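**Student:** with the sequence up front, the predicted model follows.
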Amino acid sequence: MPALRPGQSYKEVVLRDGKKAVLRVPDWHDLDDSVAFINELVEERAQILRTVKVSRDEEAEWLGERLAAIERGTLLALVAEMDGKVVASADIAQRTPEYPEHRHVGVLGIAITKNARGIGLGKALMESIIQLAKQSGLKVIILDMFATNTDARHLYEKEGFVEVGKIPRGINRDGKYIDLIRFAIEI
């Protein structure tokens with residue numbers, strides 16, 4: 001899976017509110033923004049799996065692993081930067097690169113800060129990361145989501161993803177069970 005290099009710009013997009021966002025591959029310069037980004041999502045109680053804030057050291061380890069995966073070609077990743085700040089992230093990891101039977105399948109993750117939602121950034125990021133996945137030779141993209149995340153569901157379906165399964169009570173958030181929905185798209 002050939003990937004863009006860390007720090008490389010992919011494209012600039014104009015959003016519905018007229019603001020511009022730069023979509024690019026993350027790099028080490030994003031460490032502090034990355035800490036702020038994930039901790040903002042945790043604080044918001046966004047529908048992501050992480051529920052505990054991260055330290056700078058923890059995020060540095062995580063970012064280092066991601067940058068290494070980008071270099072190895074097993075991860076495609078883009079961040080969206082607006083006004084000099086990372087406000088969104090999308091990636092597609094090769095499902096199980098060690099098994100040839102699965103190398104054509106990627107797993108998508110996407111997250112957007114609250115203030116950057118609803119202006120077309122998710123659509124631009126999703127379309128861009130899927131285009132990169134096509135160029136890299138992936139054939140199928142899967143993703144999992146909280147059943148309660150109706151905005152995300154709308155975006156996924158609009159981009160051509162279809163629901164292919166459900167794990168009843170697959171997520172336990174604050175003592176409440178939420179179904180985990182799996183989507184897929186052939187590209």
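**Tutor:** On my side now, so go ahead.
**Student:** what does the helix or strand residue 57 falls within rub up against?
**Tutor:** Assigned by DSSP states H and E, residue 57 belongs to helix 56-72. For helix 56-72, the surrounding residues in contact (C-beta atoms under 8 Å, 6 or more residues apart in numbering) are 3-6, 25-28, 30-32, 34-35, 38, 54, 75-77, 91, 93. Using the backbone N, CA and C atoms, a C-beta is placed for each residue, glycine as well.
**Student:** kindly recompute the last result at 6 Å.
**Tutor:** Residues from elsewhere that reach helix 56-72 (C-beta atoms under 6 Å, 6 or more residues apart in numbering): 3, 6, 31, 34, 35, 75, 77.
**Student:** flag the shaky bits of the protein, pLDDT-wise.
**Tutor:** Confidence mapping of the chain against pLDDT under 70 gives the ranges 1-3, 97.
**Student:** show me the strands in it, by range?
**Tutor:** 9-14, 20-24, 75-82, 85-94, 105-112, 140-146, 162-173, 176-186 (DSSP state E).
**Student:** now do the fourth one and strand 105-112, the angle between them.
**Tutor:** Put plainly, it is strand 85-94. With axes from the mean of the first three to the mean of the last three C-alpha atoms, to 10 degrees applied, the angle from strand 85-94 to strand 105-112 works out at 170 degrees.
**Student:** what is strand 85-94 packed up against?
**Tutor:** Applying 3 or more C-beta pairs under 6 Å, 6 or more residues apart in numbering; DSSP states H and E, one finds that strand 85-94 contacts helix 31-44, strand 75-82, strand 105-112, helix 121-136.
**Student:** how distant is the helix holding residue 57 from the center of its chain?
**Tutor:** How far helix 56-72 lies from its chain's middle: 15 Å, per C-alpha atoms, centre = their mean, to the nearest Å.
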